[in-house]
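>>> coordinates only, no sequence provided:
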């Protein structure tokens, strides 16, 4: 069995990801490139009976000159033969409807002497627009194999696989001839590093600072050569690009037979007339956001109830089957509610990611950038901040990684700083349970789900806080480079449903396993903390309850519940919760909520699992779901429900603003290269959360 | 560039023009890579509701740029 490394490259929107999904199916995994947090999508594909390929989907780029950190990875991989991901073969996916700009990267790869197979995608659309491509001639002019594919339905994939399994030779074309002025430094660099091609040496000189695989010493020797021969990086880049396009235009004039007709684009332009309309554009955008929140609440409710009830049942059934004992208590009161607390988010996360994937796939996301750019600039952000901010509703971690597409550092920093204020899916379960507790069911105007409206209000609150914080940041942070926006608006198309499906499966899987590990671990620790305490005070509980019964304070029937309540209060968890009670009681929280606040500092979604665990310890009634447990919880001082409107709202506000996520802090540290920004962010958000929650509770109670 | 030289920023929706060069070198490399080549045809499609950014077509595909960037691309009259 032969194993090949195959890289898929191409410009954004060329259909790379569709091809990757077609080739690898569900045999794919998302990881990180070592040392950086750029998504690395790899998968395995059987090319023929003797050859297996390890396929890697690289970030979309227009040329080897990177504009962002994501793009830098691709440049590094292609110019470093020692790189783990340096491919045996490259599939360059080109959009046949827009060949010219798709081929720019191809000409660079040819000059780097990489073996490339050109995969022409969307040939059907090109044909519709009246373009016929002479493939044989194209193969001959470029001196490399060309495959016609339809990445959306898998046509031509067999042929592509066969091409990849065959030994592919390197194209003999040399497209960019090094300018005679700089032959000397290029030659010297080439010899110094024993490189194969002139272009590789030229890239070393051009992009010293972008090539992270070179050691400081190697970089210095390149800089020395550059200064010795007065080579200025960047000076020849414009001329290079023009030369490459000249070659491409020359090739295309020989292979593309076209009757100038862009009929198929007319529909896309018509849609744009509506979707970027000065009134309807915004109405539709906010309508779509509204639809997302309504469906997250309305559609996810039923599956969530089913999951919740299922786990409650399971706990009860097992409780009846097992003998009493600490091990079985751990299973029924610690582990099972913990797992339930993870799986219950799955429906909502799946729906949210489905919407985000559809918006991306259809080409609408780019229009959102277009619509919002001018407005966002007023707030110190850019149109490109909208996508990270919207992704922030799913999870701040990929959202902060997505800010890498923002070229300007100041725009990017502000986006990173305010993104965690966008309500992520981990807040959703906290919101969902509390909203369901304090907002009555029912509809407004017979149509809008009241709880859905309240939820949308919370999301808007987070969004408003993000925008206002951005304005403040705009005045504080200094800019040192020019901000710009140059971005393709892809043609509208129907989302490819299997791509949407892959996104949902992958993101949900990542959530369940990554967040799940933490939640499960914390659930177990918590169960222990809530079940055990200093032995002398725990031992006194039984005697105290018996005494209270004999004094007539409580009835015999209440014995068991009262015992459990005292035990929880005197457990380690109770002691910790009580110690922070003075700080949190002005917000309307008791020590039980205090425990949840502390545990959810690592990850806010732990809140629900924690209260589920705390309130299930010692609960003897049958089939109690998390929601009904909270509803039944009494405030011993007032005798009324623990979760009043004021306490509930105060908690909701606290969770809207508080940072409460270790992973976000870690990723911000990584992206901003230091502790300064994550620490500022943590302090700012915690203060904002505490003050707002305090205000809400004091006004309402 | 003559005194009456126009840039993409001064075009009106639906207008087509030929690119003559760049007014500043600042972003010329980026614009070149996206296909804004001297001699090629650029079409002004429409602008965003607030007048900025704009959508233009170049070599058969649509690109959005801000007015600041558009003002850097010189066109032949």
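Everything's here; your move. Quick caveat: nothing in here was measured; it's all calculated off a predicted structure.
>>> which neighbouring elements make contact with the helix or strand harbouring residue A:653?
Assigned by DSSP states H and E, residue A:653 belongs to helix A:645-657. Secondary-structure packing of helix A:645-657 (3 or more Cβ pairs under 8 Å, 6 or more residues apart in numbering or on different chains; DSSP states H and E): helix A:427-438, helix A:450-476, helix A:676-700. All C-beta atoms are positioned from the backbone trio N, CA, C, and that covers glycine.
>>> after the second one comes which helix or strand?
For helix A:450-476, the succeeding helix or strand toward the C-terminus, using DSSP H and E, is strand A:486-488.
>>> quick one: is that next one near chain B?
Yes: contact between strand A:486-488 and chain B, assessed by Cβ under 8 Å from any Cβ of the partner chain, occurs at A:486, A:487, A:488.
>>> can you pick the most crowded of these?
residue A:488 (22 neighbours; other Cβ atoms under 10 Å in any protein chain shown).
>>> remind me which residues of chain B are low pLDDT?
By pLDDT under 70, the low-scoring segments of chain B are B:1-4.
>>> before we move on, what about the stretch 151-300 of chain A?
Those would be A:258-264, A:297, if you go by pLDDT under 70 across the stretch 151-300 of chain A.
>>> show me which residues of it sit near chain B.
Neighbours of chain B within the stretch 151-300 of chain A, by Cβ under 8 Å from any Cβ: A:234, A:237-238, A:241-242, A:245, A:262, A:265, A:268-269, A:272-273, A:276-279, A:281-282.
>>> residue A:555 touches residue A:549, doesn't it?
Yes: counting by Cβ atoms under 8 Å, residue A:555 touches residue A:549, with 7.3 Å between them.
>>> these two - which one has more neighbours?
The neighbour comparison of residue A:555 against residue A:549 (other Cβ under 10 Å) goes to residue A:549, with 16 against 9.
>>> run through the residues that contact the more buried one.
Contacts of residue A:549 were listed using Cβ atoms under 8 Å, 6 or more residues apart in numbering or on different chains, and they are A:555, A:556, A:559.
>>> can you redo those residues as JSON lines with pLDDT?
What follows is the contacts of residue A:549, written out as JSON lines (pLDDT from 0 to 100):
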{"residue": "A:555", "pLDDT": "74"}
{"residue": "A:556", "pLDDT": "76"}
{"residue": "A:559", "pLDDT": "75"}
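>>> now, these that are in strands?
Assigned to strands by DSSP state E, none of the contacts of residue A:549 qualify.
>>> what's the closest of the residues you listed to residue A:18?
Among the contacts of residue A:549, residue A:559 lies closest to residue A:18 (Cβ to Cβ), at 64.6 Å.
>>> how many other residues sit next to the closest residue to chain B within chain A?
Nearest residue of chain A to chain B, counting by Cβ to the nearest Cβ: residue A:278, 3.5 Å away. By other Cβ under 10 Å, 12 other residues sit near residue A:278.
>>> check the gap between the closest residue to it other than its chain neighbours and residue A:382 for me.
Using Cβ to Cβ, 6 or more residues apart in numbering or on different chains and skipping residues adjacent in sequence, the residue nearest residue A:278 is residue B:49, 3.5 Å away. Separation of residue B:49 from residue A:382 (Cβ to Cβ, to the nearest Å): 17 Å.
>>> these two: which has the busier surroundings?
Set residue B:49 next to residue A:382 and count neighbours by other Cβ under 10 Å: residue A:382 wins out with 26 against 18.
>>> which parts of the stretch 301-450 of chain A are strands?
A:443-444, A:448-449 (DSSP state E, counting those that start in this stretch).
>>> can I get these in JSON lines with distance to chain B?
Output for the strands of the stretch 301-450 of chain A, formatted as JSON lines (distance: least, Cβ to the nearest Cβ, whole Å):
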{"stretch": "strand A:443-444", "distance to chain B": "30"}
{"stretch": "strand A:448-449", "distance to chain B": "27"}
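>>> let me know which of these is the nearest to residue A:499.
So among the strands of the stretch 301-450 of chain A, strand A:448-449 is nearest, using Cβ to Cβ, at 29.9 Å.
>>> parallel or antiparallel, which strands does the closest one pair with?
strand A:443-444 (antiparallel) (DSSP bridges).
>>> could you pull up the mean pLDDT of the strand it pairs with?
Over the span of strand A:443-444, the pLDDT mean works out to 74.
>>> same thing with stretch A:305-324?
On average, stretch A:305-324 scores 80.
>>> so which bits of that stretch are buried?
For stretch A:305-324, burial by neighbour count (16 or more other Cβ atoms under 10 Å in any protein chain shown) applies to A:307, A:308, A:311, A:312, A:315, A:316, A:319.
>>> does chain B sit close to stretch A:87-103?
Yes: Stretch A:87-103 lies within reach of chain B by Cβ under 8 Å from any Cβ, at A:97, A:98, A:100, A:101.
>>> how far off centre is that stretch?
Computed by Cα atoms, centre = their mean, to the nearest Å, the chain-centroid distance of stretch A:87-103 equals 26 Å.
>>> try stretch A:462-474
On Cα atoms, centre = their mean, the centre of stretch A:462-474 falls 21 Å from that of its chain.
>>> residues of it that come out buried?
Using 16+ other Cβ under 10 Å as the test for burial, stretch A:462-474 gives A:462, A:463, A:465, A:466, A:467, A:469, A:470, A:473, A:474.
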